[in-house]
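> here is my input; please provide its structure:
(chains A, B and C)
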Amino acid sequence: MTLTRRKFLKAASVAALVVSARPSAGRAFELKGRMSPGPKALQAGQWGMGVDMNKCRGNCRDDCLAACHEIHNVPYIPKPEHEVKWLFLEPYENAFPERSHRFLSKRVREKNFFLLCNHCEDPPCVRVCPTQATFKRQKDGIVMIDYHRCIGCRFCMAACPYGSRSFNFRDPRPFIKKINPEYPTRHRGVVEKCNFCQELLEVGRIPACVEACKEGVLTFGDLEDPTSVVRELLSEKPHIRRKPDLGTGPSVFYIT
Amino acid sequence: MFNKGWVIGGIIVFVAAAAFPFYWYQIGQGKPFPKLELPAKEKRCVESVEFMRANHMRLLDAWRIAVVRDDLLIYTSTKGDKFEMNLHKTCIGCHTSTERFCNRCHDYNDVVPPCWDCHVAPSEIGKGEQS
Amino acid sequence: MLEKTLHGGKGYWIWVFALAVCIGIGFIAYLYQLREGMWVTGMSRDVSWGFYISQFTFLVGVAASVLMVVLPLYLHDFKAFARITALSQFLAVGTLLMSLLFVFSDVGMPMRILNVPLNPTPGSMLFYDTVFLPGFMLLNLIIGWTAMGAEKREVPLQWWVKALIYLSMPWAVVMHTVTAFIYAGTPGRGFWMTAIMAPRFLVTAFAAGPALLIILATIIKTLTRFEVTEKAIQKLVTIMLYALIIDVFFLGVEYFTVFYAHIPEYALTFQYLFLGINGNCALVPWYWGMNIAILVAIGLLVIPGARTSRPVLVAACVIALIGLWIDKGFVLVPAAFIPNVFGRIMEYPPSWVELTISLGIYALGTLIITALYKVVISVREETEIL
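Numbering: from 1, shown residues only, chains lettered A, B, ... in the order given. Model prediction:
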């Protein structure tokens, strides 16, 4: 008798599996053909940024950071453990720890360097993401995060050698001073970072930080285009990148 | 060893409990479909009413993927009208009250989409400025 | 056979109840973390992985050590292990369940966990873990369960079960190697960027598994009529001893490379672990403790008189297990973030919420292992093949 019960249960569980594995109908939804880029969208092979630290006098109230964090609803969380930042400032010895030594000139030592996501050519964060929630756009090289897909495993934070990524340890809404209704806030439990103002590029505007810097420190352009402002700057002045030995190919260049 | 009475009794109780929504629906009276507030000025939506009613969530998802992943921005409808694929400018631009449009129907169907956890609902605008 | 778990003495039920209480407390703590967000843990922007991921890593190792039991039995026909394979396999089932729950607890958006199978990403090492961990768990559950059934009916193992056993051998190695690759593949974390990570993972696993098995066998011996033969125990001791010695060798190789070459990116974390940096030294006693514990355990196990005395042997196993746990289950993960990519030190103390959730998960795993062991022991007591 036991055997027949066993057999019945086996058959029933197999049947249940078959029924539940049936693909749900109507999942496919194809609208791709109806979509096109914005008419004013700025195009590039690989967006990049030049940061001319010689021009950065710091005679401002960190307008670049404020502009970015305001339009992207980046929360201000006072506790450094749970901070969220897209753009941030670090002294030379923290921005370039492997280049720092005791004979640095006072001018370099005391300067705060402007840091952000490097939108690497070969980003390790993208390599490790288990859901492709973070990815590098083929078209313009921006490293993006899909906030609807991110599961918050923080593998990308372990993989990013630049500390560019922040995790929403808590609900960010109460920490946003003034919410910009045109840009979403994030959910607690996802990772976020600088997106090179993708939402502005697609309507024909340059990134907010570049626009906000009155001293002309920041230049933004296509690294694949020899005539772009960034390429012109790079051909004129000596420059460095953060941790180039890791082979990630950062797209942000510093002139010191 | 099979405890026939208990097994059969149990099955009857289980079926009765599982079928509860069906006979409850027959006994009770369904709530009337809520009245949705439509935009005053704009009469044409992205697609037909039937399509939107059935597929707006899939459309929004397809839009999102196109904008975030494929660097696309403009949607051309079946009728040939062009729309920016932007929840805030396009959708909320017309349907200015999420309470009187989205939520009424969502409440009726008892679905709780988490859109406004991140996207800023019109009623949220201006909140938190004082803090 | 499952009904065996419902018949037990008073002690059994007290144990089950105590575990259930711990699970309940852990679950409440998890609900709190789920509602509040991950800020209730000790993790931070700088140390973004902590206690949960450490436990996951350690427990996968314990599960992989099944190999050290099935390999001698099925490839070298070491018959004395026939009575402990089920213990080892069911231990793997419990530990893998815990590992999966630890990963689940660490994720910021657990409701989206299905995005991993929905968007399979072969480029991500975490993807392989999500394939190999549940697979190995299932494999061992099926093998262990059918083997117990065969034993109960006193019939030989079916051919397909044997095939699964042979499949489980390379599976164990691959499973733990991809766990190591999670760490060994991250540029910019010098502490993890070492080719010896996967070999070290395997030897520490092959030491931790037998150590735990010896402890469990001794507990079972004192509580029931089922006894693992001394021959099997001594074989486990040999395996564990070799694994520990190889681990010390691997550690030494690592220490030489980082300290002699002295490239800051690789040496700084070790410097932090051994001496502390600028007064930050939270992990220093732990790390010294790890090194000393492993050496002490080896010292105890190489003495023939000591390893044949059960109390000394169990003490050595406990010491070894503590050392191995500190290494892989406490230091390995957070230490790689110290100093952080900006050369700053942000230390990581796990929070009470983290520890309570971990307690709950460990209790759940222990409950599963208890139940499965109950089946094994009851079948053995019934068939009188003790």
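
> state the distance from the residue most central in space within chain C to C:L138.
The centroid of chain C falls nearest to C:L59 when counting by Cα atoms, centre = their mean (2.4 Å). Distance from C:L59 to C:L138, counting by Cβ to Cβ, to the nearest Å: 16 Å. Every C-beta, even on glycine, is put in place using the N, C-alpha and C of the backbone.

> sorry, back to before: so the residue nearest to the centre of chain C makes contact with C:V93?
No - applying Cβ atoms under 8 Å as the test, C:L59 and C:V93 come out as separate, 11.4 Å apart.

> show me where the stretch 101-250 of chain A dips below the pLDDT cut-off.
Within the stretch 101-250 of chain A, not a single segment meets pLDDT under 70.

> near chain C, which residues of it show up?
Taking Cβ under 8 Å from any Cβ of the partner chain, the part of the stretch 101-250 of chain A that reaches chain C is made up of A:124, A:127-133, A:149-155, A:157-163, A:166-171, A:187-191, A:243, A:246-248.

> select from the residues you listed every entry located in helices.
A:124, A:127-128, A:155, A:157-159 (DSSP state H).

> measure how buried B:V49 is and give me the count.
9 (other Cβ atoms under 10 Å in any protein chain shown).

> could you do C:G185 as well?
What C:G185 shows, counting by other Cβ under 10 Å, is a neighbour count of 18.

> ok, the one 10 residues further on next?
Here the count is done by other Cβ under 10 Å, and C:A195 has 9 residues near it.

> skipping adjacent residues, who's closest to C:H176 in space?
C:A64 (4.1 Å; Cβ to Cβ, 6 or more residues apart in numbering or on different chains).

> does that neighbour really touch C:V173, like I thought?
Yes - with contact defined as Cβ under 8 Å, C:A64 and C:V173 form a contacting pair (7.2 Å).

> looking at these two, which has the bigger crowd around it?
Per other Cβ under 10 Å, whichever of C:A64 and C:V173 has more neighbours is C:A64, with 29 against 14.

> contacts only, for that one.
For C:A64, the contacting residues are C:92, C:136, C:172-173, C:175-176, C:202, C:205-206, C:209, by Cβ atoms under 8 Å, 6 or more residues apart in numbering or on different chains.

> what packs against the lowest-mean-pLDDT helix or strand in chain C?
Of all helical and strand segments in chain C, the minimum by mean pLDDT, DSSP states H and E falls on helix C:304-308, at a mean of 88. On a contact count with 3 or more Cβ pairs under 8 Å, 6 or more residues apart in numbering or on different chains; DSSP states H and E, helix C:304-308 meets helix C:230-261, helix C:284-302, helix C:310-326.

> on that earlier part again, anything in contact with each of C:A64 and C:V173?
C:L202.

> re the thing from before, can you redo the ones in helices among the residues of the stretch 101-250 of chain A next to chain C as a markdown table with neighbour count and distance to chain B?
Shown next, in a markdown table, are these (neighbours: other Cβ atoms under 10 Å in any protein chain shown; distance: Cβ to the nearest Cβ, whole Å):
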| residue | neighbour count | distance to chain B |
| --- | --- | --- |
| A:P124 | 23 | 20 |
| A:R127 | 20 | 17 |
| A:V128 | 24 | 18 |
| A:F155 | 26 | 20 |
| A:M157 | 24 | 20 |
| A:A158 | 25 | 23 |
| A:A159 | 25 | 20 |
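
> what's the farthest-apart pair in those residues?
Distance extremes for those: the farthest pair is A:R127 and A:M157 at 13.5 Å, using Cβ to Cβ.

> need the nearest residue in space to A:F220, chain neighbours excluded.
According to Cβ to Cβ, 6+ apart, the nearest residue to A:F220 is A:V210 (4.6 Å).

> same check on C:V353?
Nearest one to C:V353, counting by Cβ to Cβ, 6+ apart, is C:V40 at 4.4 Å.

> what does A:R241 give?
Nearest to A:R241 is A:P250, by Cβ to Cβ, 6+ apart, at 4.5 Å.

> A:D171 now?
That would be A:R188: by Cβ to Cβ, 6+ apart, it lies 4.5 Å from A:D171.

> same question for C:P350.
Nearest to C:P350 is C:F51, by Cβ to Cβ, 6+ apart, at 4.1 Å.

> now do the same for A:G50: helix, strand or coil?
strand (DSSP: H, G, I helix; E, B strand; the rest coil).

> need the longest helix for chain B.
helix B:49-70.

> gap between the residue nearest to C:I369 when sequence neighbours are not counted and chain A?
Leaving aside its chain neighbours, C:I369 sits nearest to C:G94 (3.7 Å; criterion: Cβ to Cβ, 6+ apart). For C:G94, the distance to chain A equals 23 Å [Cβ to the nearest Cβ, to the nearest Å].

> mind listing the strands for the chain?
Since you didn't name a chain, this refers to chain A. Ranges of strands in chain A, per DSSP state E, are A:35-36, A:47-52, A:88-91, A:112-115, A:134-136, A:143-145, A:166-167, A:191-192, A:218-222, A:252-255.

> would a markdown table of those with mean neighbour count be doable?
Output for the strands of chain A, formatted as a markdown table (neighbours: other Cβ atoms under 10 Å in any protein chain shown):
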| stretch | mean neighbour count |
| --- | --- |
| strand A:35-36 | 16 |
| strand A:47-52 | 24 |
| strand A:88-91 | 18 |
| strand A:112-115 | 21 |
| strand A:134-136 | 21 |
| strand A:143-145 | 23 |
| strand A:166-167 | 26 |
| strand A:191-192 | 26 |
| strand A:218-222 | 22 |
| strand A:252-255 | 21 |
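
> per-residue pLDDT of the residue nearest to C:H176, please?
Per-residue confidence at C:A64 stands at 96 (pLDDT).

> also B:F51?
pLDDT, B:F51: 89.

> closest one to C:I303 among the strands of chain A?
Across these, closest to C:I303 is strand A:166-167 (Cβ to Cβ), at 49.1 Å.

> close to chain B, is that closest one?
No - taking Cβ under 8 Å from any Cβ as the criterion, strand A:166-167 and chain B are apart, separated by no less than 15.2 Å.

> show me what contacts C:N119?
A:130-133, A:149.

> between these, which sits nearest A:D52?
A:A133 (33.6 Å).

> roughly how far apart are the residue of chain B found nearest chain A and A:Y162?
Nearest residue of chain B to chain A: B:L73, at 3.5 Å (Cβ to the nearest Cβ). As judged by Cβ to Cβ, B:L73 and A:Y162 stand 29 Å apart.
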